[in-house]
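# Structure of the sequence below:
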Amino acid sequence: MPDELHDEPVDLTVTRSDKVFDGKIWDVRSETFDYNGKDTLREFVDHPGAVAVMAIDQDDRVLLIQQYRHPVRAREWEIPAGLLDISGEDFLVAAQRELAEEVDLQADTWNVLLDYATTPGGNNELIRIYLARGLHPTDEPFDREDEEADMQLRWVALDDIVAGVLGGALQNPSLVISSLAAVASRAAGWASLKPADEPWPEYRRLHS
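Prediction:
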């Protein structure tokens, strides 16, 4: 990739920042900032960020969960994920917690697959996706509730997931992005994987 092709952080002067909605999971914020000498107003979802886990076995099968998502009125196939809603929590620890709580698994090998911004025009949510391998059960199953109480679990071949994504049958963003990234990384001998403790400066910049 050319060295000059990268997203560029910009620190503008924010003259006003107000929380206009205090939600159960995330808030809505209204901000005025100086852009090219003019006051500009934007409202956006203020999100704590999240981690997700692509758990893949020795046969290149991925563990998926099917979970009800009310805004889209659908039970989507996804990879395990959870909010970074514990202040100062280590990203890897959060991912390990979510894998254990959602599918009763732990892993011997962890790598960062990729980081991405979900909807940069409407919220500040950033997600870090880990690749977890060397899987084995946790000592005790986790007691799930709400939308997680009736989740289905299914092991699916990575290539079949990509086929579903490209065919439009699977649309969850973290599943779409992680499956395409995993296939590309696998084709290159997984050389693109990063250490599990890879710094995440974009998150620190927005949530310091």
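# Could you check the pLDDT of the most centrally placed residue in the chain?
Centroid check for the chain by Cα atoms, centre = their mean gives residue 127 as the closest residue, at 3.3 Å. Listed pLDDT for residue 127 reads 98.
# Looks to me like it is in a strand.
Yes: assessed by DSSP: H, G, I helix; E, B strand; the rest coil, residue 127 belongs to a strand.
# my guess is it meets residue 79, correct?
No: assessed by Cβ atoms under 8 Å, residue 127 is found out of contact with residue 79, at 10.5 Å. To be clear about C-beta, it is placed using only N, CA and C from the backbone, and glycine gets the same treatment.
# Touching both of the two, which residues are there?
Taking Cβ atoms under 8 Å, 6 or more residues apart in numbering as the criterion, residue 127 and residue 79 both touch 52, 174.
# The residue nearest to the centre of the chain bridge partners, please.
Residue 127 has these beta-bridge partners by DSSP bridges: residue 50, residue 116.
# residue contacts, it?
Neighbours of residue 127 in contact, by Cβ under 8 Å, 6+ apart: 49-52, 81, 115-118, 174.
# Check the gap between it and residue 98 for me.
12 Å (Cβ to Cβ, to the nearest Å).
# between the two, what contacts are shared?
Jointly contacting residue 127 and residue 98 under the rule Cβ under 8 Å, 6+ apart are 51-52, 81.
# the bottom helix or strand of this structure by mean pLDDT?
Least confident helix or strand of the chain, by mean pLDDT, DSSP states H and E, is helix 201-207 with a mean of 91.
# Then residue 184 would be within a helix, right?
Yes: the assignment for residue 184 by three-state DSSP puts it in a helix.
# As a quick check, tell me the outermost residue of this protein.
Distance from the centre of the chain peaks at residue 37, with 34.9 Å (Cα atoms, centre = their mean).
# Which pLDDT value goes with it?
So residue 37 comes in at 91 (pLDDT).
# Could you number the chain from 14 rather than 1 from now on?
Happy to do that; since the first residue is 14 now, the last one works out to residue 50.
# Return the distance of it relative to residue 26.
11 Å.
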